[in-house]
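>>> This is a predicted model, with the sequence first.
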Amino acid sequence: MSALLEVSGVSVSFDGFKAINNLSFSIGPSELRAIIGPNGAGKTTFMDIVTGKTKPNSGSVTWGEKGQSLLTMSEAAIARAGVGRKFQRPTVFEDQTVAENLVLALKSPRSPFAALLFALTGEGRRRVEALAAQVGLTDALPRKAGELSHGQKQWLEIAMLLAQEPLLLLVDEPAAGMTLAERELTTAMLVEIAKTRAVVVVEHDMEFVRRLDCRVTVLHEGSVLAEGTLDHVTKIPSVIEVYLGRG
Amino acid sequence: MTDTTPPAAPPFTLPKYPGGTGAGPRPSAALTPKGFLARNPSVLWFLLALAVLTVAVTILSPAFGMGSMSTSFVKTLGKTLCLCLAALAMDIVWGYTGILSLGHMAFFALGGYMIGQWLMYARTEEIVVQSLATSPIPATAQEIAQGVGTQIFGVVGGSDIPLIWSFAHSLPAQLALVVLVPGLLAFLFGWLAFRSRVTGVYLSILTQAMTLALSLYLFQNDSGLRGNNGLSGLQNLPGLAETSQDLLSIWFFWASAAALALAYILLAWAISGKFGSVLRAIRDDEARVRFLGYPVEGYKLFVFVITAVICGLAGALYYPQAGIINPAELAPIASIYLAVWVAIGGRGRLYGSVIGAAFVSLLSSWFTGGRAPSIPLGFYTIDWVDWWQVLLGLSFVGVTLWAPKGIGGLFDRFRGLRTPDRKGAPLGPDEGSLQEQEAVE
């Protein structure tokens, strides 16, 4: 199986502090993967590197079958190539309607000229309506996103992410601030999405990771400590020491 | 920029979500394509108001009607329309895209300088040819050029025509420069600034530095644009020496009104669709827009250049009505005024910026024109020529604190709209992303 994303030997340091140290990671085209690790393990920095926000000092990040390097691409170009990112805090455009938010995210040419001449086609419209229905926001379409509740904003952002039709989804702590019922739905959704595309979930809630029932990569001090099923990694002494051992 | 098209992902189904309750997708009115006027109700009202004003001014003007309005007042109104045009551009760049440019009046003045070069050169050439016509030997081209040079550059102690006047004899060339010079400067500046991700107050300071540097350069006599004398006599159109200023003033008024109307329609069209949606998204959270795949820097550059060109065109219409342009017009304060007009009128809505520019600039000329009655306080007399600036400053602070939507916000009251109050919470995922005060309409 050829990898969709291949990160190898990546290091990055901020003012001498090595946030990521010789990290290697790869994920296939339709795989669900959880990344866990204590605070400061480099989880968010890892996401920043993949999405182009941070440029590593060394190493390579390649994408797709052709092995294209993501390191020379801008954030926007990486997003267009098919990497979607969900932030921990719901980030939707509060001043715009739910419909406008979804149309913004909808996969389409991204240049200023294309946006000027953009017209919502019947197909695009149906897609937005379908996405809104899926996350229960049909009636909220004409409302401003800022008026939505916290949970609804999370759903809107997820719908926006799906509208982008990414090949790889990076999801940062999706369970944070969610009720138990919402967590279950999120789990089911992530598992479902991972059937057709790659999903990387960064999380430090073990219960949530257990429910995902997928391969787990444990990060510690910027490099991979262990990889395998949750049951496997939680039995490794070094993992227990650095992560679980710390009450 | 590399753009790889990912292979089409297969469709997938998702579990049901809270509120989704099994209901299938329903068509929503929010997504129904609407006509241009339905999306922009303000366009019709704006055009109507502008048409009424134009007819009224024409009827009252000395050229066509009763003459109960002076020529200079017609010019003041025409100039005001040009300022409104610049304010429209400022609203797009600041109100919609969130780039607080404090240098857009530099583009306005550059447009004025470009048209001024032709006006001054062609008119001087006419006069020189006329005066040389009396001599027995027909004047050579060289003699004419020398005469023009002495006439124009005598004040700065020269008679050679500088290189930057190479196209001054040609109206089409200078009209092209009205667009090209501000456009290229904005492109260069924007490309450097946006590529380095300079944002917020740092960008504002850079734009101030740009307009100040340009102003100081133009103040020099050897800048080729007559130093602090600037260009003058711009109210006289070459070839129309016989035409009275009464007539010229109303022509320019019409041209200014037409330009404002056209720009309003075009900009309303541009921002009512997805383009405007992207701009407002950039204003509120540009990092998020980047992760949606939009080339944010490209959008900013595009908006910066287009608005600079609009300002250049506005300046090219303004200065023939003003009659004179000098480097003081590029002073940093001019661009700050532009921002103040837009803030008072109401950012993020086109009519707001027009109302702000018209209202404040007309009020300003009333106060500073010495017509406002002084207020005697016994121990001190408030003379508005001096105190107007204070009043303007206070109202700017007041608007920013208590009415961030400006005068345009009054229209929302009629329509019962309200904006969610985020209590200053950051809008974006990162520390230091735009705060409510900056992002609010």
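That came through, no problem.

>>> Domain map for chain A?
Domain ranges of chain A: A:1-82+A:168-247, A:92-165, per automatic domain parsing.

>>> Tell me which of these sits most buried.
domain A:92-165 (a mean of 20; mean count of other Cβ atoms under 10 Å in any protein chain shown). The C-beta positions use only the backbone N, C-alpha and C, and glycine is treated the same way.

>>> Break down chain A into its helices, ranges please.
Under the criterion DSSP state H, helices of chain A are mapped to A:43-50, A:75-81, A:98-105, A:112-116, A:122-134, A:150-163, A:180-193, A:206-212, A:230-233, A:237-239.

>>> In contact with residue 201, which residues?
All of this is about chain A. Residue A:201 is in contact with A:32-35, A:171, A:174, A:190, A:209, A:212, counting by Cβ atoms under 8 Å, 6 or more residues apart in numbering or on different chains.

>>> Can you look at chain B instead?
By Cβ under 8 Å, 6+ apart, the residues touching residue B:201 are residue B:100.

>>> residues of the one helix or strand it maps to that come out buried?
Using DSSP states H and E, residue B:201 falls within helix B:200-219. Of all the residues in helix B:200-219, those buried under the rule 16 or more other Cβ atoms under 10 Å in any protein chain shown are B:203-204, B:206-208, B:210-212, B:214-215, B:218-219.

>>> Neighbouring strands - and their directions - for the next helix or strand after that helix?
Remark: after helix B:200-219, the chain's next helix or strand is strand B:231-232, criterion DSSP H and E. Within its sheet, and counting by DSSP bridges, strand B:231-232 is paired with strand B:324-325 (antiparallel).

>>> Output the helices of chain A in JSON lines; the columns should cover distance to residue B:301.
Formatted as JSON lines, the helices of chain A follow (distance: least, Cβ to Cβ, whole Å):
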{"stretch": "helix A:43-50", "distance to residue B:301": "25"}
{"stretch": "helix A:75-81", "distance to residue B:301": "13"}
{"stretch": "helix A:98-105", "distance to residue B:301": "20"}
{"stretch": "helix A:112-116", "distance to residue B:301": "9"}
{"stretch": "helix A:122-134", "distance to residue B:301": "27"}
{"stretch": "helix A:150-163", "distance to residue B:301": "25"}
{"stretch": "helix A:180-193", "distance to residue B:301": "35"}
{"stretch": "helix A:206-212", "distance to residue B:301": "42"}
{"stretch": "helix A:230-233", "distance to residue B:301": "47"}
{"stretch": "helix A:237-239", "distance to residue B:301": "48"}
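
>>> Could I get these in a markdown table, plus columns for distance to chain B?
Below are those laid out as a markdown table (distance: least, Cβ to the nearest Cβ, whole Å):
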| stretch | distance to chain B |
| --- | --- |
| helix A:43-50 | 10 |
| helix A:75-81 | 4 |
| helix A:98-105 | 4 |
| helix A:112-116 | 4 |
| helix A:122-134 | 4 |
| helix A:150-163 | 6 |
| helix A:180-193 | 5 |
| helix A:206-212 | 14 |
| helix A:230-233 | 22 |
| helix A:237-239 | 29 |
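
>>> Please produce CSV containing the domains of chain A, extended by mean pLDDT.
Conversion of the domains of chain A to CSV gives the following (pLDDT from 0 to 100):
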stretch, mean pLDDT
domain A:1-82+A:168-247, 86
domain A:92-165, 90
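
>>> Of all those, which one comes closest to residue B:283?
domain A:92-165 (8.4 Å; Cβ to Cβ).

>>> The closest one: how far from the chain's middle?
Remark: domain A:92-165 is offset 18 Å from the chain centroid, using Cα atoms, centre = their mean, to the nearest Å.

>>> Look up the closest residue to residue 115, ignoring the ones flanking it.
Because you didn't say which chain, this covers chain A. residue B:275 (4.3 Å; Cβ to Cβ, 6 or more residues apart in numbering or on different chains).

>>> other chain: chain B
residue B:316 (4.0 Å).
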